[in-house]
Structures are given as structure tokens and as C-alpha cells.
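**Student:** show me how the following folds:
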Amino acid sequence: MKATTQTDTNPASPSKSKWTKVAPYLFRYRSTNAYPRGEIFARFRVGGKIVRVSTNTDSKTTAKLRLLDIKAEERKKTERANPALTNVKTFGDALDVLERRIKNAVKLRSGARRDNFDNIRRIKATWPGIEKVLLRDLNTDGILDWAKPLHEKYSATSYNNTIGMFHRVIAVGIEAGAIARDPTLGGDGKRLVERVAPSPKQLALPNDEQWQAILAEAGRNVGHGGRGAGWLIRFLAYTGARLQEARGYSKHEVRRLANYGGADPQQVTGVRKRDVDLKRNMIRLYGKGGKERWVPLLAEARELIEEIFAARLKMKGDDRLMTVMECPETLARCCKEAACQKLTHHDLRHFFATRLIEMGIDIPTVAKLLGHADGGALAIKVYGHLRMAYLQKRLQNLRFNTEAVQPQAMLPSSGFKSNIEATETMSELRTLLEKVLAAQSGGQQTVIDLEAKTVEAKQPPPKRLPTARPPQQRPTKDSRGA
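**Tutor:** Got it, this is the predicted structure:
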């Protein structure tokens, strides 16, 4: 029997105007010039795809007899294409296939590979015995009963990642032909087990007075970590580095990542002495995937690094800049003394980004300093929040009558200078400029005293008129001859 296999581009049921169902998995094409006899086709799913194969007959009885042979032949093609899917029957079989794919993925970072295996372990821990369940026995009600307590126990991000991993296991089963369709899909094709939108974190960043109080408490060099904890707090706030970028991996983390392909060599030690270039006023950070980026040093960041170099005179080029791996206790104590909301290590990265935005740095530049590769899309969503005190200061200069008050430009600020001070400086410069323009419009010269912030108008000296020169006579013919 010769059959022609076609991949059905429309996974929905055949159109009523062209097809007529004569038996399960069998459809008769309407009589046309191409198929004058009303040929019968077999239509079923193999390897996650819907195929349509001609039975080469218009007889319903003959088509039924040929259907089993057609299905067996198509399944053999799928098995020959991927022998690893031959024995996939249970959820555990599909999970084993997916684990091998994750482990052998070349472009997958070790951290992402670790997160994938964490999601797999979460599925096994929250659904005991699922590895022995046949894929064809999975049903929507059972999955919903498992997903509800999962959502109640874990955060939205962990829940979404676990559900996504569950869908990937089901996709392997569909590819192997062990299950016809995804049981998490409804009749209309929509997912019944949906992702949950994470609730945005309401972060209250410290103001200038609170930040100075945090620095004062961190500089006492007491508690776990000593002065190294204070160095780490200042480094994260003044560079915007991630905690892992600043201090690298611990020995325990290196051993754990060794099971998932190993950690990136550049990320193991974090920032080293040779990653600091004080001549160029730059520091090198290694982000996710070992991607290198150079970040300009703010004034406070440079002072911190010079302080560390002065305190550690025997540092070598490969020595870590940070002496502690984390300092949650010190950071919590500092926030308590400053009477502000408790901050985490990553909140200091939020603090850095927000201060840059308040100082007038554009979003794409901030995203580049943070190591984002999306041009600022994530920075707008995550780091675009501004503190209420800054908003109130800016809204004071806003008027619906644009002729009354013109918008003030932002002065580039060095380090973490308050943007309010920069705005006041701009206001003073505008006042001086208005006086200069007023004096010049009256035909007077101006002398600006920046220390006294005054403008002195002087009468310009009289202009010199050019002296008249006697006209020169052109030489005549007689004078040239003489």
C-alpha cells in the first residue's frame, strides 16, 4: 500500500465544507476534480504533530483495515527519528528525557541549568509518586488539585517556573506519542493551569539622611564581617553590582554548580584587584553567563576602593576585593538604626539605579551599567520607581501654565550628590543668566562673580573709529618713465 503523508497545518477539526467524518480518525474529502471518488484520509497525532495520510481508497471498510497499519508505520518513523522516545510511557520516562536534554544543552548557563533541576525537584516533592503515573492517565482535575497548594506554598516566580517545567515534560510525552494532547489545555485551546503575575515589590528606599545613618552604622566595624560588611554594603550601592558579581561564588556554590556543568571561571572569584583600573576610573564586572562589562566609578566608589587598597597593602592581582560573602545581619542592623525599611543585598542595586535615574541619567545608560541587554525595557519596569520625596520636589516646579515656570534642566551630578542640590544650583545659574541677558540688552558689559553670585554692569568703553587715510594717487605714465 502506498500512502502519502502530509503534515496538517490546521490542528483543528477539518472544515465541514471539505471533510466528512466517516469513522474515528477517518475523513472523506469531498468529491472534486483532484479526488473524484471522495477519497478517505486518516488523520491522527504522532510525535506531537497532526498528520494526514491517504488510505488510497474510497471504501469505508477498507480504510478501517488500513488505519492500523498506517498508524504503526508513522510511529516507526518517529521512533527512527528519535530512538530515545521509544520507551516513553510514564511521567518519569519523559522526565528522564528532559533531564538529559537540559544536562547536555551547550548554550545553557550553569545557573540556568541549576534552576531547571530545582524546578524538577519541586515537581517531585509536591506530587509524590508522579514518576510512576502513565502520561495517558494524567487529567485536568488532578493537575489542578496539585497546582493549587503549589501556588499557596511558593512565590509566584517559583510557581510559574514549576508549571512551565511541567508543560515541558508533557511536551516530551506528546512528542513521543505517549499522550495525544496536553491535559492542561481546555477545549478552546486555552491553558487551564495559567501563570500567575508576580505582585510588584513596594520598595521604600532610604532618603539622604537615612543613607548617611546606614553608612555611619556600617562604619562602626562591629558584628559579623566587621569592616568587610561595611565595604560590601557601600560597594553594592555605589556600583550597582549584583551580590554574586561582587563577591563571586562560595566553595559550597562551586561544588553544587559542578553538578550542572560547572561555574563560569570569571564568576568564581567576583571582583579582583586586577579588575580595577583607577587610571581609567573603571571597574570590570562579570555578569550572567560570564559576560564582561566595564562600569565607570562614581566618586564614592573610587574612595571606597582606595580605602580597601590602603587597608590591604599585601593584596595580589587575583585576590578578591570583597572579604565577606554576604552581610544580612549588618544590613538589617543599619536599617534599624536609620529607621528605614529593611533592605536586602539586591535592594542596594535598586538604590543605585534609582539614584542614577533621579540624577537625570537616561534609562538605556542605566540599563547598560546594570548589565541589561534589552536596551532598558527591564530597567523601566523594575528600576523606574522614584522616591516620594524626589517626586514631591519635582512636582513643585510643575505648572499647567507653561509660561509661568519653565522646566528646569538636570545638571549632571558627580557621585551620589543629591539631585535637589543640583536643581537649586541650576536655579541660581538661571538667575545669573537672566541678569546677564538683561544687562546685555541695555548695551552694558557684565562682570560675573561666581563666589558672590552677583552680576556687575559696566558702561562699555567708547569704540575707536578708524582714522581716515589720505587717498593714494595712482602713478602716471610720466612718473613710471622717470
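**Student:** the residue nearest to residue 195 when sequence neighbours are not counted: how many residues sit nearby?
**Tutor:** Counting by CB to CB, 6 or more residues apart in numbering, residue 195 lies nearest to residue 160, which is 4.6 Å off, once chain neighbours are set aside. Yep, even glycine has a C-beta here, placed from its N, CA and C like the rest. Around residue 160 there are 18 other residues, counting by other CB atoms under 10 Å.
**Student:** neighbouring contacts of stretch 236-254?
**Tutor:** Contacts with stretch 236-254, where a contact means CB atoms under 8 Å, 6 or more residues apart in numbering, come from 232, 235, 257, 263, 267-271, 283, 285-287, 295, 297-298, 300-301, 304, 320-322, 324-326, 345-346, 348-349, 351-353, 356, 369-371, 416.
**Student:** correction: the previous question concerned stretch 306-315.
**Tutor:** 227, 231, 273, 278, 319, 321.
**Student:** span of that stretch from start to end?
**Tutor:** 12 Å (CA to CA, to the nearest Å).
**Student:** so for that stretch, mean pLDDT?
**Tutor:** When pLDDT is averaged along stretch 306-315, the result is 91.
**Student:** PyMOL command to pick out the buried ones of the contacts of stretch 306-315?
**Tutor:** A single PyMOL command selects the buried members of these (16 or more other CB atoms under 10 Å):
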select buried, resi 227+231+273+321
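**Student:** and of the contacts of stretch 306-315, the nearest to residue 209?
**Tutor:** Comparing those against residue 209 with CB to CB places residue 231 closest, at 22.2 Å.
**Student:** from residue 305, how far off is the closest one?
**Tutor:** 9 Å (CB to CB, to the nearest Å).
**Student:** list the contacts of the closest residue to residue 20 other than its chain neighbours.
**Tutor:** Residue nearest to residue 20 in three dimensions, not counting chain neighbours: residue 28, with 4.8 Å by CB to CB, 6+ apart. Contacts for residue 28 (CB under 8 Å, 6+ apart) come out as 19-22, 38-41, 58.
**Student:** in TSV, list those residues along with distance to residue 133, secondary structure and pLDDT.
**Tutor:** Listed next are those as TSV, based on distance: CB to CB, whole Å; DSSP: H, G, I helix; E, B strand; the rest coil; pLDDT from 0 to 100:
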residue	distance to residue 133	secondary structure	pLDDT
19	35	strand	79
20	37	strand	84
21	32	strand	85
22	35	strand	86
38	43	coil	77
39	40	coil	84
40	36	strand	87
41	34	strand	89
58	42	coil	84
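**Student:** from those, pick the one nearest residue 183.
**Tutor:** Nearest to residue 183 among those is residue 21, at 23.6 Å by CB to CB.
**Student:** which strand residues bridge the nearest residue to that closest one once chain neighbours are set aside?
**Tutor:** Nearest non-adjacent residue to residue 21, counting by CB to CB, 6+ apart: residue 27, 5.5 Å away. When bridges are called by DSSP bridges, residue 27 pairs up with residue 21, residue 41.
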